[in-house]
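1. got a structure for you, letters missing:
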Ligand SMILES: NC(=O)C1=CN([C@@H]2O[C@H](COP(=O)(O)OP(=O)(O)OC[C@H]3O[C@@H](n4cnc5c(N)ncnc54)[C@H](O)[C@@H]3O)[C@@H](O)[C@H]2O)C=CC1
(Lines give C-alpha, C1' and ligand atoms only; values in the text may rest on other atoms or scores of the structure.)
Protein backbone atom coordinates (compact mmCIF):
# COMPACT_ATOMS: atom_id res chain seq x y z
CA UNK A 1 0.00 0.00 0.00
CA UNK A 2 1.32 3.42 -0.91
CA UNK A 3 0.95 6.18 1.70
CA UNK A 4 -1.20 9.15 0.78
CA UNK A 5 1.95 11.26 0.36
CA UNK A 6 3.41 8.67 -2.00
CA UNK A 7 0.12 8.59 -3.95
CA UNK A 8 0.21 12.39 -4.28
CA UNK A 9 3.79 12.35 -5.48
CA UNK A 10 3.05 9.65 -8.08
CA UNK A 11 0.11 11.65 -9.38
CA UNK A 12 2.17 14.84 -9.60
CA UNK A 13 5.20 13.26 -11.25
CA UNK A 14 3.52 10.65 -13.49
CA UNK A 15 3.27 13.00 -16.52
CA UNK A 16 6.99 13.78 -16.49
CA UNK A 17 7.95 10.13 -15.93
CA UNK A 18 5.56 9.12 -18.75
CA UNK A 19 7.11 11.69 -21.06
CA UNK A 20 10.60 10.30 -20.49
CA UNK A 21 9.71 6.65 -19.98
CA UNK A 22 11.10 5.35 -23.26
CA UNK A 23 14.40 7.17 -22.63
CA UNK A 24 14.40 5.72 -19.10
CA UNK A 25 13.82 2.15 -20.27
CA UNK A 26 16.39 2.51 -23.07
CA UNK A 27 18.90 3.57 -20.41
CA UNK A 28 17.72 0.90 -17.97
CA UNK A 29 18.61 -2.24 -19.96
CA UNK A 30 22.34 -1.51 -20.63
CA UNK A 31 22.66 -0.38 -17.02
CA UNK A 32 21.13 -3.62 -15.74
CA UNK A 33 23.23 -5.81 -18.08
CA UNK A 34 26.36 -4.04 -16.83
CA UNK A 35 25.49 -4.42 -13.14
CA UNK A 36 23.97 -7.90 -13.44
CA UNK A 37 25.34 -9.65 -16.55
CA UNK A 38 23.75 -12.91 -15.38
CA UNK A 39 20.24 -11.67 -16.33
CA UNK A 40 21.21 -10.72 -19.92
CA UNK A 41 20.47 -14.22 -21.37
CA UNK A 42 16.83 -13.81 -20.34
CA UNK A 43 16.47 -11.07 -22.92
CA UNK A 44 16.58 -11.54 -26.68
CA UNK A 45 19.39 -9.12 -27.58
CA UNK A 46 17.87 -8.48 -31.03
CA UNK A 47 14.89 -6.90 -29.30
CA UNK A 48 17.29 -4.62 -27.43
CA UNK A 49 18.89 -3.51 -30.67
CA UNK A 50 15.53 -2.72 -32.30
CA UNK A 51 14.23 -0.90 -29.20
CA UNK A 52 11.25 -3.27 -29.00
CA UNK A 53 11.95 -4.44 -25.47
CA UNK A 54 12.44 -0.95 -23.92
CA UNK A 55 9.22 0.20 -25.63
CA UNK A 56 7.30 -2.81 -24.31
CA UNK A 57 8.53 -2.22 -20.74
CA UNK A 58 7.65 1.48 -20.94
CA UNK A 59 4.12 0.77 -22.13
CA UNK A 60 3.54 -1.89 -19.43
CA UNK A 61 4.68 0.49 -16.68
CA UNK A 62 2.48 3.25 -18.10
CA UNK A 63 -0.53 0.95 -18.38
CA UNK A 64 -0.01 -0.11 -14.77
CA UNK A 65 0.25 3.48 -13.50
CA UNK A 66 -3.00 4.32 -15.27
CA UNK A 67 -4.94 1.21 -14.25
CA UNK A 68 -3.61 0.32 -10.81
CA UNK A 69 -6.67 1.64 -8.99
CA UNK A 70 -8.76 -0.95 -10.82
CA UNK A 71 -7.22 -4.35 -9.90
CA UNK A 72 -9.18 -6.37 -12.52
CA UNK A 73 -8.10 -4.07 -15.35
CA UNK A 74 -4.52 -3.91 -14.04
CA UNK A 75 -4.31 -7.72 -13.97
CA UNK A 76 -5.70 -7.90 -17.49
CA UNK A 77 -3.18 -5.31 -18.75
CA UNK A 78 -0.33 -7.34 -17.22
CA UNK A 79 -1.45 -10.66 -18.74
CA UNK A 80 1.01 -10.48 -21.65
CA UNK A 81 3.90 -9.68 -19.29
CA UNK A 82 2.94 -12.57 -16.98
CA UNK A 83 2.84 -14.97 -19.93
CA UNK A 84 6.31 -13.97 -21.13
CA UNK A 85 7.67 -14.19 -17.58
CA UNK A 86 6.18 -17.65 -17.03
CA UNK A 87 7.74 -18.97 -20.23
CA UNK A 88 11.11 -17.67 -18.95
CA UNK A 89 10.61 -19.05 -15.44
CA UNK A 90 11.12 -15.58 -13.90
CA UNK A 91 11.45 -15.87 -10.11
CA UNK A 92 10.78 -13.43 -7.23
CA UNK A 93 14.50 -12.87 -6.52
CA UNK A 94 14.92 -11.29 -9.96
CA UNK A 95 12.54 -8.41 -9.19
CA UNK A 96 14.83 -6.46 -6.81
CA UNK A 97 17.48 -6.38 -9.58
CA UNK A 98 15.02 -4.77 -11.98
CA UNK A 99 13.76 -2.41 -9.24
CA UNK A 100 17.23 -1.19 -8.33
CA UNK A 101 18.24 -0.61 -11.97
CA UNK A 102 14.93 1.01 -12.94
CA UNK A 103 15.26 3.49 -10.05
CA UNK A 104 18.87 4.19 -11.03
CA UNK A 105 17.77 4.80 -14.64
CA UNK A 106 14.98 7.16 -13.50
CA UNK A 107 17.54 9.05 -11.41
CA UNK A 108 20.03 9.28 -14.28
CA UNK A 109 17.46 10.50 -16.82
CA UNK A 110 15.44 12.91 -14.66
CA UNK A 111 18.40 14.19 -12.61
CA UNK A 112 17.64 16.58 -9.75
CA UNK A 113 13.88 16.30 -10.23
CA UNK A 114 14.17 12.94 -8.46
CA UNK A 115 14.30 14.04 -4.82
CA UNK A 116 14.50 11.45 -2.06
CA UNK A 117 10.70 11.61 -1.66
CA UNK A 118 10.07 11.14 -5.37
CA UNK A 119 12.45 8.18 -5.46
CA UNK A 120 10.74 6.69 -2.41
CA UNK A 121 7.26 6.99 -4.01
CA UNK A 122 8.32 5.41 -7.30
CA UNK A 123 10.21 2.71 -5.43
CA UNK A 124 6.99 1.88 -3.54
CA UNK A 125 5.02 1.85 -6.79
CA UNK A 126 7.52 -0.55 -8.34
CA UNK A 127 7.26 -2.81 -5.29
CA UNK A 128 3.45 -2.86 -5.62
CA UNK A 129 3.76 -3.86 -9.29
CA UNK A 130 6.42 -6.48 -8.51
CA UNK A 131 4.27 -8.00 -5.73
CA UNK A 132 1.31 -8.29 -8.09
CA UNK A 133 3.40 -9.93 -10.84
CA UNK A 134 5.05 -12.32 -8.37
CA UNK A 135 1.62 -13.33 -7.09
CA UNK A 136 0.15 -13.88 -10.59
CA UNK A 137 3.21 -15.80 -11.75
CA UNK A 138 3.47 -18.04 -8.69
CA UNK A 139 -0.19 -18.98 -9.16
CA UNK A 140 0.54 -20.01 -12.74
CA UNK A 141 3.66 -21.98 -11.76
CA UNK A 142 1.69 -23.80 -9.08
CA UNK A 143 -1.22 -24.64 -11.39
CA UNK A 144 1.10 -26.03 -14.08
CA UNK A 145 3.19 -28.03 -11.58
CA UNK A 146 0.02 -29.59 -10.15
CA UNK A 147 -1.46 -30.52 -13.57
CA UNK A 148 -0.92 -34.16 -14.65
CA UNK A 149 2.37 -34.20 -16.59
CA UNK A 150 3.27 -30.71 -15.35
CA UNK A 151 6.51 -29.59 -13.73
CA UNK A 152 8.20 -26.64 -12.04
CA UNK A 153 11.22 -24.80 -13.50
CA UNK A 154 13.12 -26.50 -16.34
CA UNK A 155 12.48 -30.05 -17.55
CA UNK A 156 14.84 -31.94 -19.80
CA UNK A 157 13.64 -33.01 -23.27
CA UNK A 158 15.23 -34.69 -26.29
CA UNK A 159 14.62 -33.91 -29.94
CA UNK A 160 12.72 -37.01 -31.09
CA UNK A 161 12.06 -35.91 -34.67
CA UNK A 162 12.87 -33.09 -37.09
CA UNK A 163 10.85 -32.25 -40.18
CA UNK A 164 11.46 -29.63 -42.87
CA UNK A 165 8.09 -27.93 -43.37
CA UNK A 166 9.04 -25.30 -45.98
CA UNK A 167 12.16 -23.66 -47.42
CA UNK A 168 12.69 -21.90 -44.08
CA UNK A 169 10.57 -23.59 -41.39
CA UNK A 170 11.60 -26.75 -39.55
CA UNK A 171 9.60 -28.62 -36.89
CA UNK A 172 11.16 -30.20 -33.80
CA UNK A 173 9.27 -32.85 -31.82
CA UNK A 174 10.37 -32.82 -28.18
CA UNK A 175 9.93 -35.76 -25.80
CA UNK A 176 10.76 -35.65 -22.08
CA UNK A 177 13.93 -37.49 -21.05
CA UNK A 178 12.13 -39.04 -18.08
CA UNK A 179 9.67 -40.80 -20.43
CA UNK A 180 6.73 -39.56 -18.35
CA UNK A 181 3.63 -37.82 -19.73
CA UNK A 182 3.64 -34.09 -20.54
CA UNK A 183 0.89 -31.71 -19.47
CA UNK A 184 -1.62 -30.31 -21.92
CA UNK A 185 -1.32 -26.66 -22.86
CA UNK A 186 -4.03 -24.42 -24.24
CA UNK A 187 -3.96 -24.41 -28.06
CA UNK A 188 -2.38 -21.13 -29.22
CA UNK A 189 0.14 -21.00 -26.35
CA UNK A 190 3.94 -20.90 -26.61
CA UNK A 191 6.62 -22.64 -24.54
CA UNK A 192 9.88 -21.46 -22.99
CA UNK A 193 13.08 -23.04 -24.30
CA UNK A 194 16.46 -22.94 -22.54
CA UNK A 195 19.62 -23.93 -24.42
CA UNK A 196 23.33 -23.51 -24.07
CA UNK A 197 25.09 -21.87 -27.01
CA UNK A 198 28.85 -21.18 -26.80
CA UNK A 199 28.72 -22.15 -23.12
CA UNK A 200 26.15 -19.45 -22.40
CA UNK A 201 22.50 -20.01 -21.47
CA UNK A 202 19.91 -18.54 -23.86
CA UNK A 203 16.15 -18.37 -23.52
CA UNK A 204 13.45 -18.13 -26.16
CA UNK A 205 9.78 -18.97 -26.49
CA UNK A 206 8.12 -20.61 -29.48
CA UNK A 207 4.47 -21.31 -30.25
CA UNK A 208 3.44 -24.94 -29.82
CA UNK A 209 2.57 -25.98 -33.35
CA UNK A 210 0.86 -29.33 -32.75
CA UNK A 211 -2.26 -30.19 -30.77
CA UNK A 212 -1.65 -31.42 -27.17
CA UNK A 213 -1.12 -35.23 -27.13
CA UNK A 214 0.19 -35.97 -23.61
CA UNK A 215 3.54 -37.39 -24.83
CA UNK A 216 5.47 -34.68 -26.66
CA UNK A 217 5.46 -31.07 -27.78
CA UNK A 218 6.24 -29.69 -31.21
CA UNK A 219 7.75 -26.31 -32.05
CA UNK A 220 8.32 -25.03 -35.59
CA UNK A 221 11.04 -22.49 -36.16
CA UNK A 222 11.86 -20.24 -39.08
CA UNK A 223 15.57 -19.91 -39.80
CA UNK A 224 16.39 -16.21 -39.54
CA UNK A 225 19.66 -15.17 -41.25
CA UNK A 226 20.74 -13.23 -38.15
CA UNK A 227 18.88 -15.28 -35.52
CA UNK A 228 21.33 -16.80 -33.05
CA UNK A 229 18.89 -19.37 -31.68
CA UNK A 230 16.98 -20.17 -34.88
CA UNK A 231 20.27 -20.85 -36.70
CA UNK A 232 21.37 -23.06 -33.81
CA UNK A 233 18.17 -25.10 -34.15
CA UNK A 234 18.49 -25.40 -37.93
CA UNK A 235 22.25 -25.74 -38.35
CA UNK A 236 23.52 -27.40 -35.16
CA UNK A 237 20.87 -29.43 -33.34
CA UNK A 238 20.03 -32.99 -34.37
CA UNK A 239 17.68 -35.78 -33.34
CA UNK A 240 18.73 -36.99 -29.87
CA UNK A 241 20.04 -33.60 -28.69
CA UNK A 242 18.85 -32.28 -25.35
CA UNK A 243 17.07 -29.01 -24.59
CA UNK A 244 15.21 -27.76 -21.55
CA UNK A 245 11.63 -26.59 -21.57
CA UNK A 246 9.99 -24.09 -19.21
CA UNK A 247 6.22 -23.87 -18.66
CA UNK A 248 3.86 -23.08 -21.55
CA UNK A 249 2.03 -19.74 -21.47
CA UNK A 250 0.19 -17.28 -23.68
CA UNK A 251 -3.25 -15.78 -24.03
CA UNK A 252 -3.94 -16.13 -27.76
CA UNK A 253 -6.39 -18.86 -26.82
CA UNK A 254 -10.01 -19.83 -27.38
CA UNK A 255 -12.52 -20.10 -24.56
CA UNK A 256 -13.11 -23.74 -23.49
CA UNK A 257 -16.47 -23.66 -25.22
CA UNK A 258 -17.92 -21.45 -27.90
CA UNK A 259 -19.83 -21.46 -31.12
CA UNK A 260 -19.15 -18.08 -32.72
CA UNK A 261 -17.65 -18.45 -36.21
CA UNK A 262 -13.92 -17.79 -36.49
CA UNK A 263 -11.58 -16.33 -39.04
CA UNK A 264 -7.95 -17.29 -38.48
CA UNK A 265 -5.37 -15.41 -40.54
CA UNK A 266 -1.65 -16.09 -40.58
CA UNK A 267 1.34 -14.76 -42.49
CA UNK A 268 4.53 -16.82 -42.86
CA UNK A 269 5.73 -18.46 -39.66
CA UNK A 270 2.80 -16.80 -37.89
CA UNK A 271 0.87 -19.96 -38.70
CA UNK A 272 2.47 -21.92 -35.84
CA UNK A 273 -0.08 -21.04 -33.11
CA UNK A 274 -2.94 -21.31 -35.63
CA UNK A 275 -2.57 -25.03 -36.27
CA UNK A 276 -3.74 -26.16 -32.85
CA UNK A 277 -6.26 -23.31 -32.52
CA UNK A 278 -7.76 -24.46 -35.81
CA UNK A 279 -8.17 -28.04 -34.63
CA UNK A 280 -9.65 -26.97 -31.30
CA UNK A 281 -12.15 -24.68 -33.03
CA UNK A 282 -13.23 -27.49 -35.37
CA UNK A 283 -13.61 -29.90 -32.46
CA UNK A 284 -15.81 -27.30 -30.78
CA UNK A 285 -18.04 -27.50 -33.85
CA UNK A 286 -17.39 -23.96 -35.04
CA UNK A 287 -17.43 -22.67 -38.60
CA UNK A 288 -13.88 -21.58 -39.45
CA UNK A 289 -12.23 -19.74 -42.31
CA UNK A 290 -8.45 -20.22 -42.22
CA UNK A 291 -6.57 -17.79 -44.44
CA UNK A 292 -2.84 -18.32 -44.73
CA UNK A 293 -0.50 -16.01 -46.62
CA UNK A 294 2.93 -17.25 -47.71
CA UNK A 295 5.56 -15.70 -49.94
CA UNK A 296 5.24 -18.52 -52.48
CA UNK A 297 4.83 -22.28 -52.74
CA UNK A 298 8.34 -23.02 -51.39
CA UNK A 299 7.56 -20.98 -48.28
CA UNK A 300 4.17 -22.57 -47.69
CA UNK A 301 4.41 -24.89 -44.66
CA UNK A 302 1.83 -27.33 -43.23
CA UNK A 303 -0.31 -27.25 -46.39
CA UNK A 304 -0.99 -31.00 -46.19
CA UNK A 305 -1.89 -30.89 -42.47
CA UNK A 306 -4.44 -28.15 -43.10
CA UNK A 307 -5.86 -29.97 -46.12
CA UNK A 308 -6.26 -33.10 -43.98
CA UNK A 309 -8.34 -31.10 -41.49
CA UNK A 310 -10.40 -29.70 -44.37
CA UNK A 311 -11.15 -33.28 -45.42
CA UNK A 312 -12.08 -34.25 -41.84
CA UNK A 313 -14.34 -31.22 -41.39
CA UNK A 314 -15.68 -30.46 -44.89
CA UNK A 315 -18.76 -28.66 -43.61
CA UNK A 316 -16.95 -26.48 -41.11
CA UNK A 317 -13.60 -25.44 -42.57
CA UNK A 318 -12.87 -23.17 -45.51
CA UNK A 319 -9.15 -22.87 -46.34
CA UNK A 320 -7.95 -19.78 -48.22
CA UNK A 321 -4.40 -19.74 -49.56
CA UNK A 322 -2.63 -16.54 -50.56
CA UNK A 323 0.79 -16.40 -52.23
CA UNK A 324 2.59 -13.11 -52.64
CA UNK A 325 4.09 -14.58 -55.82
CA UNK A 326 2.94 -17.46 -58.02
CA UNK A 327 3.23 -18.27 -61.72
CA UNK A 328 0.14 -20.38 -61.73
CA UNK A 329 -3.05 -19.25 -60.01
CA UNK A 330 -4.74 -22.65 -60.20
CA UNK A 331 -4.02 -23.79 -56.63
CA UNK A 332 -4.19 -20.50 -54.75
CA UNK A 333 -7.13 -18.28 -53.93
CA UNK A 334 -5.30 -14.99 -54.32
CA UNK A 335 -1.94 -13.80 -55.62
CA UNK A 336 -0.44 -10.75 -53.94
CA UNK A 337 -0.91 -9.53 -50.40
CA UNK A 338 -4.09 -9.67 -48.36
CA UNK A 339 -6.44 -6.80 -49.13
CA UNK A 340 -9.84 -5.55 -48.06
CA UNK A 341 -11.75 -7.17 -50.88
CA UNK A 342 -10.22 -10.58 -50.18
CA UNK A 343 -10.92 -10.48 -46.44
CA UNK A 344 -14.44 -9.10 -47.00
CA UNK A 345 -15.14 -12.02 -49.36
CA UNK A 346 -14.26 -14.67 -46.75
CA UNK A 347 -15.15 -12.98 -43.44
CA UNK A 348 -17.79 -15.28 -41.90
CA UNK A 349 -21.28 -13.88 -41.46
CA UNK A 350 -22.62 -13.37 -37.94
CA UNK A 351 -20.28 -12.01 -35.32
CA UNK A 352 -16.95 -13.72 -35.98
CA UNK A 353 -13.91 -13.66 -33.74
CA UNK A 354 -10.74 -13.07 -35.74
CA UNK A 355 -7.25 -14.27 -34.75
CA UNK A 356 -4.20 -13.11 -36.68
CA UNK A 357 -0.48 -13.60 -36.36
CA UNK A 358 2.19 -12.69 -38.88
CA UNK A 359 4.86 -10.14 -39.69
CA UNK A 360 4.09 -6.66 -38.31
CA UNK A 361 3.06 -5.29 -41.74
CA UNK A 362 0.65 -8.20 -42.23
CA UNK A 363 -0.94 -7.74 -38.80
CA UNK A 364 -1.26 -3.98 -39.26
CA UNK A 365 -2.97 -4.50 -42.62
CA UNK A 366 -5.32 -7.22 -41.31
CA UNK A 367 -6.17 -5.23 -38.19
CA UNK A 368 -7.09 -2.12 -40.18
CA UNK A 369 -9.13 -4.09 -42.71
CA UNK A 370 -11.08 -5.97 -40.03
CA UNK A 371 -11.72 -2.73 -38.19
CA UNK A 372 -13.02 -1.14 -41.40
CA UNK A 373 -15.27 -4.17 -41.93
CA UNK A 374 -16.87 -3.58 -38.53
CA UNK A 375 -15.13 -6.27 -36.42
CA UNK A 376 -14.89 -4.66 -32.96
CA UNK A 377 -11.67 -4.68 -30.89
CA UNK A 378 -12.95 -7.33 -28.47
CA UNK A 379 -13.30 -9.74 -31.42
CA UNK A 380 -9.86 -9.02 -32.87
CA UNK A 381 -7.09 -11.11 -31.27
CA UNK A 382 -3.41 -11.08 -32.19
CA UNK A 383 0.00 -11.78 -30.75
CA UNK A 384 3.55 -10.63 -31.28
CA UNK A 385 6.27 -13.26 -31.14
CA UNK A 386 8.66 -10.76 -29.55
CA UNK A 387 7.89 -7.78 -27.31
CA UNK A 388 4.31 -6.55 -27.69
CA UNK A 389 3.70 -3.35 -29.58
CA UNK A 390 0.87 -1.37 -31.08
CA UNK A 391 -0.45 -2.34 -34.49
CA UNK A 392 0.58 0.88 -36.17
CA UNK A 393 2.14 1.09 -39.60
CA UNK A 394 5.94 1.07 -39.23
N1 LIG B 1 3.38 -12.15 -34.66
C2 LIG B 1 4.66 -11.97 -34.83
O3 LIG B 1 5.31 -11.29 -34.06
C4 LIG B 1 5.32 -12.59 -36.00
C5 LIG B 1 6.50 -12.08 -36.41
N6 LIG B 1 7.07 -12.58 -37.54
C7 LIG B 1 8.36 -12.03 -37.94
O8 LIG B 1 8.20 -11.38 -39.19
C9 LIG B 1 9.35 -11.64 -40.00
C10 LIG B 1 8.94 -12.25 -41.34
O11 LIG B 1 8.26 -13.51 -41.11
P12 LIG B 1 8.09 -14.55 -42.30
O13 LIG B 1 7.47 -15.76 -41.81
O14 LIG B 1 9.41 -14.66 -42.99
O15 LIG B 1 7.11 -13.77 -43.27
P16 LIG B 1 7.20 -13.70 -44.86
O17 LIG B 1 8.16 -12.64 -45.27
O18 LIG B 1 7.39 -15.09 -45.37
O19 LIG B 1 5.73 -13.17 -45.20
C20 LIG B 1 4.59 -13.94 -44.87
C21 LIG B 1 3.38 -13.39 -45.53
O22 LIG B 1 3.08 -12.11 -44.99
C23 LIG B 1 2.79 -11.23 -46.07
N24 LIG B 1 3.13 -9.86 -45.69
C25 LIG B 1 4.36 -9.41 -45.30
N26 LIG B 1 4.29 -8.08 -45.10
C27 LIG B 1 3.03 -7.70 -45.36
C28 LIG B 1 2.33 -6.46 -45.36
N29 LIG B 1 2.98 -5.33 -45.04
N30 LIG B 1 1.02 -6.45 -45.69
C31 LIG B 1 0.38 -7.59 -46.01
N32 LIG B 1 0.98 -8.78 -46.05
C33 LIG B 1 2.28 -8.84 -45.75
C34 LIG B 1 3.62 -11.73 -47.21
O35 LIG B 1 3.02 -11.34 -48.45
C36 LIG B 1 3.53 -13.21 -47.04
O37 LIG B 1 2.38 -13.72 -47.68
C38 LIG B 1 10.22 -12.58 -39.20
O39 LIG B 1 11.24 -11.83 -38.62
C40 LIG B 1 9.31 -13.16 -38.16
O41 LIG B 1 9.98 -13.50 -36.98
C42 LIG B 1 6.50 -13.57 -38.26
C43 LIG B 1 5.32 -14.12 -37.87
C44 LIG B 1 4.67 -13.71 -36.67
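-> The structure has been received and is ready for your questions. Treat the numbers as computed from the prediction; the structure is a model and nothing was measured.
2. anything in stretch 348-364 near the ligand?
-> Yes. Residues of stretch 348-364 contacting the ligand under C-beta under 6 Å from any ligand atom: 357-359, 361-362. From N, CA and C alone the C-beta is placed, and that goes for glycine too.
3. pLDDT (mean, whole number) over that stretch?
-> For stretch 348-364, mean pLDDT rounds to 96.
4. Stretch 16-28 too?
-> 91.
5. From the rest of the structure, what touches that stretch?
-> 51, 54-55, 57-58, 61-62, 65, 101-102, 104-106, 108-110, 113, 122 (C-beta atoms under 8 Å, 6 or more residues apart in numbering).
6. try stretch 214-224
-> Contacts of stretch 214-224 (C-beta under 8 Å, 6+ apart): 149, 157, 160, 165, 168-176, 181-182, 184-185, 191, 193, 206-210, 230-231, 233-235, 245, 248, 268-269, 272, 301-302.
7. Can you flag the buried ones in these?
-> Taking 16 or more other C-beta atoms under 10 Å as the criterion, what is buried in the contacts of stretch 214-224 is 157, 165, 168-174, 176, 182, 184-185, 191, 193, 206-210, 230, 233-234, 245, 248, 268-269, 272, 301-302.
8. about what we covered before: most neighbours of all the residues of stretch 348-364 next to the ligand, which one?
-> Greatest neighbour count in the residues of stretch 348-364 next to the ligand, by other C-beta atoms under 10 Å, goes to residue 357: 27 neighbours.
9. my read: residue 260 touches residue 354, true?
-> No. At 10.4 Å, residue 260 does not count as touching residue 354 under the criterion of C-beta atoms under 8 Å.
10. which of those two has more neighbours?
-> Between residue 260 and residue 354, residue 354 has the larger neighbour count (other C-beta under 10 Å), namely 24 against 16.
11. Could you give the separation of the one helix or strand residue 221 maps to from the chain centroid?
-> Per DSSP states H and E, residue 221 falls inside strand 217-222. Here strand 217-222 is found 14 Å from its chain centre; the criterion is C-alpha atoms, centre = their mean, to the nearest Å.
12. Stretch 153-173 too?
-> Worked out by C-alpha atoms, centre = their mean, stretch 153-173 lies 18 Å from the chain centre.
13. same thing with stretch 331-338?
-> Distance, centroid of stretch 331-338 to centroid of chain: 27 Å (C-alpha atoms, centre = their mean).
14. Run through who's touching that stretch.
-> 265, 267, 291, 293, 320-326, 329, 342, 362, 365-366, 369.
15. quick one: the helices in the stretch 151-300 of the chain?
-> 228-235, 272-283 (DSSP state H, counting those that start in this stretch).
16. Tell me which residue in the stretch 51-200 of the chain sits closest to the ligand.
-> Taking C-beta to the nearest ligand atom as the measure, the stretch 51-200 of the chain has residue 168 as its residue closest to the ligand, at 6.6 Å.
17. How about the contacts made by that residue?
-> Contacts of residue 168 (C-beta under 8 Å, 6+ apart): 222-223, 269, 299.
18. Can you list the buried residues in the helix or strand hosting residue 30?
-> Here residue 30, judged by DSSP H and E, is contained in helix 4-35. Across helix 4-35, burial judged by 16+ other C-beta under 10 Å covers 6, 9-10, 13-14, 17, 20-22, 24-29, 31-33.
19. Tell me what residue 318 is bridged to.
-> residue 289 (DSSP bridges).
20. Roughly how far does it sit from residue 168?
-> 26 Å (C-beta to C-beta, to the nearest Å).
21. Just give the number of residues close to the closest residue to the ligand within the stretch 1-150 of the chain.
-> Proximity of the stretch 1-150 of the chain to the ligand (C-beta to the nearest ligand atom) peaks at residue 46, 9.2 Å away. Neighbour count of residue 46, defined by other C-beta under 10 Å: 15.
22. Surely it and residue 229 touch.
-> No. Here residue 46 does not reach residue 229: they are 9.7 Å apart, not a contact under C-beta under 8 Å.
23. Which residues of the stretch 101-250 of the chain lie near the ligand?
-> Going by C-beta under 6 Å from any ligand atom, the residues of the stretch 101-250 of the chain near the ligand are 222, 224.
24. angle of the longest strand along the chain against helix 228-235?
-> Of all the elements of type strand in the chain, the one with the most residues (DSSP state E) is strand 155-164. Interaxial angle, strand 155-164 versus helix 228-235 (axes from the mean of the first three to the mean of the last three C-alpha atoms, to 10 degrees): 60 degrees.
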